[in-house]
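Student: sequence plus predicted model, see below.
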Amino acid sequence: MASANYEKRRATKFIMYEVILYYKFTPIEEPETFCEEHKQFCKDLGIKGRIYINEEGINGTVGGTPEQVSQYKEHLTSIPGFDGIDFKTDTSEYVPFPKLKCKTRDELVSIHKEDVDPDDGGNYLEPHEWKEVLENEDDYVLIDVRNDYESKIGHFEGAITPDVENFYNFPDWLEQVEDEISKDKKVLMYCTGGIRCEKFSVLMKEKGWDDVNQLHGGILRYAKEEGGEHYKGKCFVFDDRLVVPVNEDNLEPIARCEITGKPADTYINCANMECNKLFVCSEEGARMMEGCCSEECRQSEYKRPFDPENAFRPFRKWYNYFDEDFKERQLEEEK
């Protein structure tokens, strides 16, 4: 089924779809009710993507036809408190989501800290202001507020790229480097669309940094408005595309394929269902190892089908390939 859906998307590749990334911090009194109603609206509209909701607001990325996306934006911004959302919009040859996921969760973005109020965060720098600072000032510290696998394939020149696997590791990272970053320094921080900076800037201000600034709209908005200048590599995104270009004038990969060692900037998940490792891989490397990260995985009985003609086709959940025995075995091993 997954393969058929993918081929259907490939066959209609000349139809351009839209993908939007957005968030809004606004009080929602009954998140569960709001979520159910919003989910039904999205289903009726036919839009796909990932949407998280709680009493603090909404955080989502969805895709569909331009008409569907336009109707979605019109509906969302018509809800009291949801006006003024900064939608980051991109185009795609296919809808990069297999289905709609709309659910409540404890945190809109997982930092695992209570009472982190975005209203207490840093200053917004619009993309043109950000570019001016990078070009005309030098007494600042630039921090990439994303996971290490994201910054590995792309980041702003001169940025600190913390060695963290998850956003909720950033508070610990800040504790470790607090004495290494002067509190007199101007702080510049950025992430994909802005929401992680909304939270992390609060923590930095609480720790004593006063001049804390965040790129408004993140990398994606900067790419659209300023052409991505001063950014090297590509930007990781949490959908089937996995990476998108930022600076059209500099598309040279800054990472290397873990199979061939050659320059590469595309991620894939290991075809071995029991591994599923996310790793940088070139098309050549993917074909050599049939989508796997190692020879051991390539020999696994739980290797998902690999199509050499579509080397970067995303893999799906285990139930698209294996029967219940696989799941039962996994659960048994976790005991």
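Tutor: Sure thing, it's come through. No experiment lies behind these values; they were computed from the predicted model shown.

Student: can you count the residues close to residue 312?
Tutor: Neighbour count of residue 312, defined by other Cβ atoms under 10 Å: 17. All C-beta spots, glycine's among them, are computed from the backbone N, C-alpha and C.

Student: that should have said residue 199, apologies.
Tutor: Residue 199: 24 neighbours (other Cβ under 10 Å).

Student: likewise for residue 55?
Tutor: 14.

Student: residues touching it, list them.
Tutor: 27-29, 31 (Cβ atoms under 8 Å, 6 or more residues apart in numbering).

Student: repeat that with 6 Å
Tutor: Residues near residue 55 by Cβ atoms under 6 Å, 6 or more residues apart in numbering: 28, 31.

Student: ok, now the one 3 residues further on?
Tutor: Residue 58 makes contacts with residue 24, as judged by Cβ under 6 Å, 6+ apart.

Student: give me the three-state assignment for it.
Tutor: Of the three states, residue 58 takes strand under DSSP: H, G, I helix; E, B strand; the rest coil.

Student: can you map out the helices along this structure?
Tutor: For the chain, helices defined by DSSP state H occupy the ranges 2-11, 31-45, 66-78, 127-136, 148-151, 170-177, 195-206, 218-226, 283-288, 295-298, 324-334.

Student: now the ones you listed in TSV, with mean pLDDT?
Tutor: Below are these laid out as TSV (pLDDT from 0 to 100):
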stretch	mean pLDDT
helix 2-11	46
helix 31-45	98
helix 66-78	98
helix 127-136	98
helix 148-151	97
helix 170-177	97
helix 195-206	97
helix 218-226	97
helix 283-288	97
helix 295-298	97
helix 324-334	56
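
Student: tell me how many other residues crowd residue 40.
Tutor: The local packing of residue 40 (other Cβ under 10 Å) involves 11 other residues.

Student: do you know how far it is from residue 228?
Tutor: 38 Å (Cβ to Cβ, to the nearest Å).

Student: just residue 241 next, same as before
Tutor: Residue 241 is 16 Å from residue 228, by Cβ to Cβ.

Student: more neighbours, these two?
Tutor: Neighbours per residue, other Cβ under 10 Å: of residue 241 and residue 228, the larger number sits with residue 228, 25 against 21.

Student: pop out the phi and psi values for residue 80.
Tutor: Here is the backbone geometry of residue 80 (degrees, to the nearest 10): phi -50, psi 130.

Student: from residue 195, how far off is it?
Tutor: 21 Å.

Student: give me the more crowded residue out of those two.
Tutor: Shown here are residue 80 and residue 195; by other Cβ under 10 Å, residue 195 has more neighbours (22 against 6).
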